[in-house]
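*Asks:* Just a sequence and a predicted model for now, questions to come.
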Amino acid sequence: MSKKIEEFMAMVIERNPGEPEFHQAVREVAESVIPFIEKNPKYQKAKILERMTEPERVIMFRVPWLDDKGEVQINRGYRIQMSSAIGPYKGGIRLHPSVNLSILKFLAFEQVFKNSLTTLPMGGAKGGSNFDPKGKSDNEVMRFCQSFMTELAKHIGSDTDVPAGDIGTGAREIGYMFGQYKRLRNEFTGVLTGKGLGWGGSLIRPEATGYGCVYFVQEMLKTRGESLKGKICTVSGSGNVAQYTVEKLIQLDAKPVTLSDSNGFIYDPKGVDEQKLEFVMELKNVKRGRIKEYADEFKCKYFEGKFPWEIKCDVAFPSATQNEIHEADAKKLVKNGCIAIGEGANMPSTPEAVEVFLDAKILYAPGKASNAGGVAISGLEMSQNSQRLSWTRDEVDEKLLQIMISIHESCVKYGKEGKYINYVNGANIAGFVKVANAMIDQGLV
């Protein structure tokens, strides 16, 4: 079997040279799905996996804009429309200096599986730009967003492609982009999700990825007769996902003890409580400060240039960025007694780290399953927009919980290996089957 996987990967690498993140994402899926395809030859005959690794469309464009000094700046914009087999393209817009074709293709590929798992009718896509909103004025961000949307508007629509926020793209950026789309098309339509509550947004959308990840981990722990109550939890990141992961952990009586940013992490053995979380939200969302200021404020330890995986914990929530947990970190987590990992970020564990978790038979939730809550609520926002309705906070939260329970059930169905549940195989195969069957039904598209 490994020979078939290697042959498949050689083909993918040859067709997509110099794209390591994309290769990594495809390999992780191929290792689960190719053995399944061997037992179900209809997928092999139709070359479904080969077709799924080829985007339906890749759009790349120039984004010129004026800075506050009147100087012309030029960035590059992208939209990777990966699969529309089960619904309109759906996936975030990432604004970050690291953005390139490989990263967006990996994210779009992951999005296909993640969206399939949500049970909602959404295809997979991803987009963005190497523009960095950090340190830019509101006017500079607005001018960039307007220029970006002027080109992107030609390729999206409420029944074609519905982008959302991602790293660097929050409520401010979505607002500017939506305003420009409305201006260009002369229509008020649910073309973006993550909108403001007063103009078509959904309650719980900012919280959804973090809340959903915690709900998924809660379901995993139930399979072993455990709960989150009293569990010491390490969380990386301090942005949207990390903040609401911590909020939900506090609500469920767990004890989050770390947060991080690109400079380092804080360790607060007393636990991050509601008051401290408020400080973090103000620090990160309003003041755009560094997490070190938390350590100064609450007199706890700060570790420069490190991730928090050396801290002893029961459950870890990597919620910062891709490949933040390496093999040595994974071994340290297992050795220190960590029993569960819930990925809030996309592909935060390297393949070697994942191997450590699976070998140790701990509860390991891959991002495409555990962080699907964000896109699930985006899908519910699309439904509310289509029906011109608005659901209450409790209604949306309950729907999110039920979606995460459903995703967990799908992972268990396809991932059970004796007494152990391999959530990697479960998520990959469950996501694959729905898309693959739709592709076979629709012929050669």
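*Replies:* Received it, and whenever you're ready, just let me know what you need.
*Asks:* Skipping adjacent residues, who's closest to the residue nearest the centre of the chain in space?
*Replies:* Against the mean C-alpha coordinate of the chain, by CA atoms, centre = their mean, the closest residue is residue 346 at 4.6 Å. If the residues on either side of it in the chain are set aside, residue 346 comes closest to residue 367, at 4.9 Å by CB to CB, 6 or more residues apart in numbering. Heads up, the C-betas are built off the backbone N, CA and C, glycines and all.
*Asks:* hang on, the earlier thing: the residue nearest to the centre of the chain contacts residue 323, doesn't it?
*Replies:* No - under the contact definition of CB atoms under 8 Å, residue 346 does not touch residue 323, with a separation of 10.1 Å.
*Asks:* Select the longest helix from the chain.
*Replies:* If you go by DSSP state H, the chain has its longest helix at helix 393-415.
*Asks:* Flag every buried residue along stretch 222-229.
*Replies:* Within stretch 222-229, the residues that qualify as buried by neighbour count (16 or more other CB atoms under 10 Å) are 226, 228.
*Asks:* as a whole number, average confidence for that stretch?
*Replies:* When pLDDT is averaged over stretch 222-229, the result is 97.
*Asks:* just how off-centre is that stretch within its chain?
*Replies:* Centroid displacement of stretch 222-229 relative to its chain, using CA atoms, centre = their mean, to the nearest Å, is 24 Å.
*Asks:* Output that stretch in CSV with nothing but the alpha carbons.
*Replies:* C-alpha atoms of stretch 222-229 as CSV (Å, rounded to 0.1, in the frame of the first residue of the first chain):
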residue,chain,number,x,y,z
LYS,A,222,-16.8,11.1,26.5
THR,A,223,-15.7,8.0,24.6
ARG,A,224,-13.3,7.3,27.5
GLY,A,225,-15.7,8.3,30.3
GLU,A,226,-13.9,11.6,30.8
SER,A,227,-14.9,15.3,30.7
LEU,A,228,-13.2,18.7,30.5
LYS,A,229,-14.1,19.6,34.1
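*Asks:* which residues in the stretch 301-445 of the chain form strands?
*Replies:* Assignment of strands within the stretch 301-445 of the chain using DSSP state E, counting those that start in this stretch yields the ranges 301-304, 315-317, 340-342, 363-365, 416-417, 420-421.
*Asks:* and those, which one's lowest on average pLDDT?
*Replies:* The minimum mean pLDDT among those belongs to strand 416-417 (a mean of 93).
*Asks:* in the chain, which ranges drop under the pLDDT threshold?
*Replies:* Within the chain, the segments meeting pLDDT under 70 span 1.
*Asks:* Okay, domains of it per the record?
*Replies:* Residue ranges for the structural domains of the chain, counted by automatic domain parsing, are given in the record as 2-52, 57-187, 208-370.
*Asks:* which stretches of the stretch 201-350 of the chain form helices?
*Replies:* Residue ranges of the helices in the stretch 201-350 of the chain, as given by DSSP state H, counting those that start in this stretch, are 208-222, 240-251, 274-281, 292-298, 327-335.
*Asks:* could you say what helices and strands the shortest one packs with?
*Replies:* In this case it means helix 292-298. strand 264-267, helix 274-281, strand 301-304 (3 or more CB pairs under 8 Å, 6 or more residues apart in numbering; DSSP states H and E).
*Asks:* what's the answer for the longest one, then?
*Replies:* Taking 3+ CB pairs under 8 Å, 6+ apart as contact, the helices and strands that helix 208-222 lies on are helix 240-251, strand 315-317, strand 340-342, strand 363-365, helix 367-370, helix 373-387, helix 393-415.
*Asks:* Need the winner for burial among the helices and strands packed on helix 292-298.
*Replies:* Looking across the helices and strands packed on helix 292-298 with neighbours counted as mean count of other CB atoms under 10 Å, the highest average goes to strand 264-267: a mean of 22.
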